[in-house]
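Asker: Any chance you could fold what I've pasted below:
(one chain, ligands or ions: 1)
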Amino acid sequence: VPTLDELALTLKDIGLSEVPQAPNTYPNFNPVDIYRSHLTDLLAPITGVEPKIIYPVLQWTQTLDMGDIVLPVPALRLKGKKPDTLAQEFGTKFPESPLVEKPLVKGTYLQFFFKPQPLARLILPSILKAGPSFGFNPKLGLRDPSDSSQGKKRIIVEFSSPNIAKPFHAGHLRSTIIGGFLANLYEAAGWDVIRMNYLGDWGKQYGVLALGFERFGSEEELLRNPIGHLYDVYVKISAIAHEENEKIKAKKEEIKALQANNEIITEQEVELQRMVDESTDEAARGYFKRMVDGDKDAVDIWKRFRDLSIERYKQTYARLNIQYDVYSGESQVSDESMEAAATTMAEKGVSEDSEGAVIVDLTKINKKLGKAVVKKKDGTSLYLTRDIGAAFERYDKYKFDKMIYVVASQQDLHLAQLFAIEGAMGRKDVAEKCQHINFGMVLGMSTRKGTAKFLDDILRDVGDKMHEVMRSNEEKYKQVEDPDRTADTLGISAVMVQDMKGKRINNYEFDMDRMCSFEGDTGPYLQYAHARLCSITRKANLSQEEIESADSSLLTEKHAVDLIRSLSQWPDVFINTVKTQEPTTVLTYLFKMTHSVSSSYDHLQVVGSEPELKKARLALYTCARQVLNNGMRLLGLNPVERM
Ligand code: ARG
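Answerer: Numbers count the residues shown, from 1 in each chain. This next block holds a predicted model:
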């Protein structure tokens with residue numbers, strides 16, 4: 001970013017003797033902060049209101065025709081005169097400024113428009129200088145923003161968290177996309193981010209899986225396709241277990257009927273016992289017990305399944321630009337931490353015995369939270385128990401300032417129970433740092449080859465679809481260098497943008513045709529916009545120095561001015577996104593901005609313009625490309641340069 005001294009020089013040229021800087025603002029990261037500080041300086045004497053009240057009520061606008069910044073006069077909470085009368089008064093008294101036009105008075109609002117020339121002089125160099133980090137603000141994550149030696153705040157983002165040998169369903173897909181985005185977001189805000197994958201890799205079902213592998217497993221298949229093969233094995237053995245259980249059920253019914261008739265049942269009971277003893281379920285229970293007890297053979301084979309699955313997951317996540325710092329999982333939660341939690345819960349009267357099991361009655365805190373089992377009759381732990389132990393373990397190990405669980409809203413109750421139990425245990429320090437980021441469902445997620453089971457299948461299918469769409473434009477298709485790779489990247493963008501377009505909590509329809517279209521607000525559209533900007537740069541063929549020395553005062557057309565105004569909003573959009581934690585905040589902006597770029601092409605040609613004008617326009621497009629690129633990367637997309 002430009003230094004404050006560099007900014008001061010530019011501002012002096014524009015006509016301001018010093019850099020206006022309200023407390024806790026970042027003029028060199030966000031040029032619009034300069035405007036807010038400047039407006040505050042001018043408005044304080046006119047309104048008689050304290051600067052610290054004015055600054056925070058200066059709002060950004062939804063559309064450029066409403067101005068760049070507005071002041072809702074009622075927000076100043078002035079007594080006496082009516083707000084619209086005050087607005088008129090302030091409008092008239094507002095002095096000449098080198099940065100902003102005289103405000104327009106609209107009812108109780110003052111609309112401020114940035115003067116185009118000074119704005120271009122501030123914004124374009126800021127973007128060119130900050131480049132890939134323009135708009136991001138690494139100071140937000142500092143423990144003390146004025147003293148970086150105090151270090152960064154630390155956040156754990158737990159996301160994706162699929163279950164080994166089970167399908168990767170839509171909930172995992174959304175968690176992966178949204179979690180990847182949130183991790184990027186906090187990183188761009190200067191936090192120390194730990195990306196964690198908490199695998200479902202523990203419980204009796206892994207005993208079932210091991211037995212299944214003994215019967216149906218293939219070493220070769222396991223190495224070739226661990227995730228798919230383990231799933232197939234699990235499906236087969238589960239079917240057998242299910243059938244056995246049905247027979248056991250039938251036998252029990254039979255015995256009941258005999259008993260009702262007062263018939264002798266000894267023989268039948270012996271038979272039933274034999275069925276139970278020989279069942280897959282029983283064997284799996286025994287197997288899992290060996291795993292719990294740390295039996296080497298049992299643990300080794302399970303660990304192999306886990307390690308091979310993780311290796312494969314890593315490759316798939318890489319396609320989405322995601323790398324985890326930690327592959328944790330339910331299996332990794334230590335008995336000690338769960339026992340310690342159990343002791344605290346008992347001592348604090350949080351938990352109670354209930355027919356041999358241990359439960360926590362959360363209805364005392366909130367009726368909706370219900371009662372939760374934390375230990376089964378047979379003494380084994382549950383999903384919730386492991387989450388309790390894991391949270392404390394993570395806190396001890398990472399001393400996080402914040403921890404986010406990115407999990408579908410189907411698990412709202414589970415996470416609410418988890419946080420409530422932490423609080424009841426007297427661990428508000430942990431509970432208050434935890435947040436559940438939830439999201440709605442994907443409706444109708446199936447691929448052409450049936451219901452989607454694995455992430456790779458989904459990505460392959462959208463890639464194929466994208467390839468088809470690309471082929472429909474014969475001319476263009478011939479120019480694409482590596483069509484397979486491009487189709488793959490575009491397909492991934494299609495899925496991700498469709499997922500992040502709406503508010504997280506909304507459900508959406510998985511619509512392959514719509515998401516893969518180049519028209520409308522889609523991933524391929526954004527990619528196309530990016531590739532087109534890259535192509536303009538290639539064709540113009542100017543050096544970096546030429547672009548940086550461009551004379552921005554030549555950018556006078558309405559299209560140019562509006563695009564610059566739109567670009568100036570990006571740092572505010574970023575800050576706002578940190579508040580909303582919604583990817584749609586970024587996407588809505590990127591679509592607006594790229595529409596503004598598209599409508600400029602006819603009016604602001606680069607090739608064929610006078611040399612100086614060509615430079616200035618290319619500088620503008622370069623800045624637009626940079627902002628689009630930064631936004632796309634923040635979302636986790638891989639911007640393409642050609643397509
Ligand atoms: N593996 C779980 C599932 O597929 C999601 C885990 C969510 N995270 C957690 N800490 N409970 O449903």
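
Asker: C-alpha from now on. contacts and neighbour counts both.
Answerer: OK.

Asker: From the chain's centroid, how far away is stretch 26-46?
Answerer: 31 Å (CA atoms, centre = their mean, to the nearest Å).

Asker: now stretch 473-491
Answerer: Mean-position distance between stretch 473-491 and its chain equals 28 Å (CA atoms, centre = their mean).

Asker: Quick one: end-to-end length of that stretch, please.
Answerer: 17 Å (CA to CA, to the nearest Å).

Asker: Which of the residues in it are classified as buried?
Answerer: Buried positions in stretch 473-491, judged by neighbour count with 16 or more other CA atoms under 10 Å: 477, 483, 486-491.

Asker: would you turn those residues into JSON lines with pLDDT, secondary structure and distance to Val627?
Answerer: As requested, the buried residues of stretch 473-491 are arranged in JSON lines below (pLDDT from 0 to 100; DSSP: H, G, I helix; E, B strand; the rest coil; distance: CA to CA, whole Å):
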{"residue": "Tyr477", "pLDDT": "91", "secondary structure": "helix", "distance to Val627": "27"}
{"residue": "Pro483", "pLDDT": "93", "secondary structure": "helix", "distance to Val627": "26"}
{"residue": "Thr486", "pLDDT": "95", "secondary structure": "helix", "distance to Val627": "22"}
{"residue": "Ala487", "pLDDT": "96", "secondary structure": "helix", "distance to Val627": "23"}
{"residue": "Asp488", "pLDDT": "96", "secondary structure": "helix", "distance to Val627": "23"}
{"residue": "Thr489", "pLDDT": "97", "secondary structure": "helix", "distance to Val627": "20"}
{"residue": "Leu490", "pLDDT": "97", "secondary structure": "helix", "distance to Val627": "19"}
{"residue": "Gly491", "pLDDT": "97", "secondary structure": "helix", "distance to Val627": "22"}
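
Asker: And for the lengthiest strand in the chain, what's in contact with it?
Answerer: When the chain is parsed with DSSP state E, its longest strand is strand 192-199. Defining contact as CA atoms under 8 Å, 6 or more residues apart in numbering, one finds that strand 192-199 is touched by 141, 152-164, 183, 186-187, 323-330.

Asker: Contact residues of the protein facing the ligand?
Answerer: Selection of the chain residues close to the ligand by CA under 6 Å from any ligand atom yields 161-163, 199-200, 387, 407.

Asker: next structured bit after the lengthiest helix in the chain?
Answerer: Determined from DSSP state H, the single longest helix within the chain is helix 226-260. Once helix 226-260 ends, the next helix or strand along the chain (criterion: DSSP states H and E) is helix 266-277.

Asker: Mean confidence (pLDDT) on that next one, please.
Answerer: Taken as a whole, helix 266-277 has an average pLDDT of 95.

Asker: ditto for stretch 399-412
Answerer: For stretch 399-412, mean pLDDT is 98.

Asker: Quick check: end-to-end length of it?
Answerer: End-to-end for stretch 399-412, by CA to CA: 25 Å.

Asker: Give me the three-state assignment for Asp353.
Answerer: strand (DSSP: H, G, I helix; E, B strand; the rest coil).

Asker: what about the helix or strand containing Ile34, distance to the chain center?
Answerer: Assessed by DSSP H and E, Ile34 sits inside helix 31-47. Helix 31-47 has its C-alpha centroid displaced from the chain centroid by 34 Å (CA atoms, centre = their mean).

Asker: Which residue does the stretch 251-400 of the chain have closest to the ligand?
Answerer: Asp387 (5.6 Å; CA to the nearest ligand atom).

Asker: what residues are up against that residue?
Answerer: If you count contacts by CA under 8 Å, 6+ apart, Asp387 has them with 330, 418.

Asker: buried set for whatever helix or strand it lives in?
Answerer: Under the criterion of DSSP H and E, Asp387 resides in helix 383-398. Buried residues in helix 383-398, counted by 16+ other CA under 10 Å: 384-393, 395.

Asker: quick one: low-confidence ranges for the stretch 451-600 of the chain?
Answerer: The model of the stretch 451-600 of the chain has pLDDT under 70 over residues 451-452.

Asker: just to revisit the earlier point, just the buried members of the contacts of strand 192-199?
Answerer: 141, 152-164, 183, 186-187, 323-324, 327-330.

Asker: May I have stretch 68-87 exported as CSV, CA atoms only?
Answerer: Only the C-alpha atoms of stretch 68-87 are listed here, as CSV (Å, rounded to 0.1, in the frame of the first residue of the first chain):
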residue,chain,number,x,y,z
ASP,A,68,-20.7,7.8,-2.8
ILE,A,69,-21.4,8.5,0.8
VAL,A,70,-24.6,9.6,2.5
LEU,A,71,-25.3,11.2,5.8
PRO,A,72,-28.7,10.4,7.3
VAL,A,73,-29.3,13.5,9.4
PRO,A,74,-31.6,11.8,11.9
ALA,A,75,-28.7,9.6,12.9
LEU,A,76,-26.9,12.7,14.4
ARG,A,77,-29.7,12.7,17.0
LEU,A,78,-30.0,16.4,17.1
LYS,A,79,-32.9,17.8,19.2
GLY,A,80,-35.1,20.8,18.2
LYS,A,81,-35.4,21.3,14.5
LYS,A,82,-36.8,18.8,12.1
PRO,A,83,-34.2,16.6,10.3
ASP,A,84,-35.2,17.8,6.8
THR,A,85,-34.8,21.5,7.8
LEU,A,86,-31.4,20.6,9.3
ALA,A,87,-30.4,18.8,6.2
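
Asker: Near Phe90, how many other residues are there?
Answerer: 18 (other CA atoms under 10 Å).

Asker: In a helix, it, correct?
Answerer: Yes: according to three-state DSSP, Phe90 belongs to a helix.

Asker: how about the closest residue to it other than its chain neighbours, what does it touch?
Answerer: Spatial nearest neighbour of Phe90, excluding adjacent residues (CA to CA, 6 or more residues apart in numbering): Ile46 at 6.4 Å. Each residue near Ile46 by CA under 8 Å, 6+ apart is listed here: 90, 93-94.

Asker: go on, Val49?
Answerer: Val49 neighbours (CA under 8 Å, 6+ apart): 43, 76.

Asker: Near the residue of the chain found nearest the ligand, how many other residues are there?
Answerer: Closest to the ligand within the chain is Gly200: 4.3 Å, counting by CA to the nearest ligand atom. By other CA under 10 Å, 18 other residues sit near Gly200.

Asker: Check Arg224 too.
Answerer: Using other CA under 10 Å, Arg224 has 13 other residues around it.

Asker: ok so, going back, quick check: the residue of the chain closest to the ligand touching Ser161?
Answerer: Yes: the pair Gly200 and Ser161 passes the contact test of CA atoms under 8 Å, sitting 6.7 Å apart.

Asker: contact partners of whichever strand or helix holds Leu9?
Answerer: Under the criterion of DSSP H and E, Leu9 resides in helix 4-14. With contacts defined as CA under 8 Å, 6+ apart, helix 4-14 is touched by 17-19, 27-28, 98-99, 118, 121-122.

Asker: Tabulate the residues you listed (JSON lines), appending secondary structure.
Answerer: Shown next, in JSON lines, are those (three-state DSSP):
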{"residue": "Ser17", "secondary structure": "coil"}
{"residue": "Glu18", "secondary structure": "coil"}
{"residue": "Val19", "secondary structure": "coil"}
{"residue": "Pro27", "secondary structure": "coil"}
{"residue": "Asn28", "secondary structure": "coil"}
{"residue": "Pro98", "secondary structure": "coil"}
{"residue": "Leu99", "secondary structure": "coil"}
{"residue": "Pro118", "secondary structure": "helix"}
{"residue": "Arg121", "secondary structure": "helix"}
{"residue": "Leu122", "secondary structure": "helix"}
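
Asker: which two in those residues are spaced the farthest apart?
Answerer: The most widely separated members of the contacts of helix 4-14 are Asn28 and Pro98, with 18.5 Å between them, by CA to CA.

Asker: Please identify which of these two sits among more neighbours.
Answerer: Set Asn28 next to Pro98 and count neighbours by other CA under 10 Å: Asn28 wins out with 21 against 15.
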